[in-house]
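Student: return atomic coordinates for the entry below.
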Amino acid sequence: MKAKLGIAPIAWWNDDLAELSDDVSLEECLRQASVAGFTGMETGRRFPMNMGELGPILARYGVSVCGGWFSGLLLDGDIEREKDRVRPQMDFFIAANAPCIVYGETARSIQGVRSAPLATKPKLSEDEIKAYGARMTAFAEWCAGEGMPISYHHHMAAAIETEPELDLLMANSGEALPLLFDAGHLAFAGGDVLRAIDKHHKRISHVHTKDIRRGVVDKLDRTRESFLDAVVKGAFTVPGDGSLDFAAIVDRLASHGYEGWFVVEAEQDPKVSPPLEMAKKGHLELMRVMALAGYEVVS
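Tutor: Reported below is the predicted structural model:
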């Protein structure tokens, strides 16, 4: 089985909390990711949205686009509007030969609201999730038909956060809607990461290898502290620096035949957790557990 290793620029620049950003250029970010051993990078706010400008920069560091976030609004919107909103990124990603667009539902989400406690996250009824799942399926079918699939990112502080919410979405959407599996977000939400892989492996098309610091997560007051408060406190980190067993996680994905990108996405304070140091640590741990699971890591 083959796997590719990528990383997200959120370790260098946080789009939701500017104070958690390193003062480095796009080229320095790519250089550090390459030095750490990664051959893929998800996009971020300092990326030019066209391959004419970005392509030569990526080539300089031997890095390709391995995905990137899209702030979806389909929960409260309509498909035609979302098609128009995603089109520029879709055209860019097709030109970049990216594997997918990371669809994150931001309608009603409190993930970027520092004053909103975790306990106030949006909660949907089963009927609302059924209707949402149907719209997401139709949108995913259209995206794939246009040549750029999406991968649905369950996320802390968003409408689909917990394992039961994810189960309901998967049960009420079609196979055309792929899943981005994020171990850190699911563990933070109290889910069982291995059970979720077993249940939804057929839908997993992209993997974020985010780790958590259990001691930080368990001490949060979710009635008072927000998602961004948790990030500032160091809830997230890279594989090998946190509490999750990535040897077991990667082995479970391998047992179900997953092949594709494993992307380190761990937002932290770069002054406390220097991005290059963290990137190297995450890459080293992933190489270790990939070997144990029988993956061949390719560029």
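Student: wait, Val298 touches Ala3, no?
Tutor: Yes: with contact defined as C-beta atoms under 8 Å, Val298 and Ala3 form a contacting pair (7.3 Å). All C-beta spots, glycine's among them, are computed from the backbone N, C-alpha and C.
Student: these two - which one has more neighbours?
Tutor: Using other C-beta atoms under 10 Å, the more surrounded residue of Val298 and Ala3 is Ala3, with 21 against 10.
Student: dig out what the one residue sitting closest to the centre of the chain forms beta bridges with.
Tutor: Centroid-nearest residue in the chain: His208, 4.9 Å away (criterion: C-alpha atoms, centre = their mean). Beta bridges link His208 to Asp182, Val263, judged by DSSP bridges.
Student: separation between it and Glu42?
Tutor: Applying C-beta to C-beta, to the nearest Å, the value for His208 to Glu42 is 9 Å.
Student: shared neighbours of these two, anything?
Tutor: Residues touching both His208 and Glu42 (C-beta atoms under 8 Å, 6 or more residues apart in numbering) are Ala8, Val263, Glu265.
Student: could you dump these into a markdown table and include pLDDT and distance to Arg224?
Tutor: Shown next, in a markdown table, are the shared contacts of His208 and Glu42 (pLDDT from 0 to 100; distance: C-beta to C-beta, whole Å):
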| residue | pLDDT | distance to Arg224 |
| --- | --- | --- |
| Ala8 | 97 | 28 |
| Val263 | 98 | 31 |
| Glu265 | 95 | 26 |
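Student: hang on, the earlier thing: wait, the residue nearest to the centre of the chain sits on Leu179?
Tutor: No: the criterion here is C-beta under 8 Å, and His208 misses it with Leu179 at 11.1 Å.
Student: all the strands of this protein, in order from the start?
Tutor: 2-7, 40-41, 64-65, 69-72, 101-105, 150-153, 179-182, 204-208, 211-212, 236-237, 260-264, 296-297 (DSSP state E).
Student: tell me which other helices or strands the fourth one touches.
Tutor: When contacts are defined as 3 or more C-beta pairs under 8 Å, 6 or more residues apart in numbering; DSSP states H and E, strand 69-72 packs onto helix 79-96, strand 101-105.
Student: in it, which residues are buried?
Tutor: Within strand 69-72, the residues scored as buried using 16 or more other C-beta atoms under 10 Å are Trp69, Phe70, Gly72.
Student: which strand residues bridge the second one?
Tutor: Read that as Phe70. Applying DSSP bridges, one finds that Phe70 bridges with Tyr103.
Student: need the contact list for Asp159.
Tutor: Wrong residue type there; residue 159 is Ala, not Asp. Leu75, Glu105, Ala107, Arg108, Ser109, Lys121, Pro122, Lys123, Leu124, Tyr132, Glu165 are the contacts of Ala159 under C-beta under 8 Å, 6+ apart.
Student: likewise Thr106?
Tutor: Ser71, Gly72, Leu73, Gly112, Ala158.
Student: report how many residues lie close to the last one.
Tutor: The number of residues packed near Ala158 is 24, by other C-beta under 10 Å.
Student: neighbours of the closest residue to Ala248 other than its chain neighbours, how many?
Tutor: Spatial nearest neighbour of Ala248, chain neighbours left out: Leu194 (6.4 Å); criterion: C-beta to C-beta, 6 or more residues apart in numbering. Leu194: 15 surrounding residues under other C-beta under 10 Å.
Student: including neighbour count, could the shared contacts of His208 and Glu42 go into JSON lines?
Tutor: Listed next are those as JSON lines, based on neighbours: other C-beta atoms under 10 Å:
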{"residue": "Ala8", "neighbour count": "25"}
{"residue": "Val263", "neighbour count": "26"}
{"residue": "Glu265", "neighbour count": "26"}
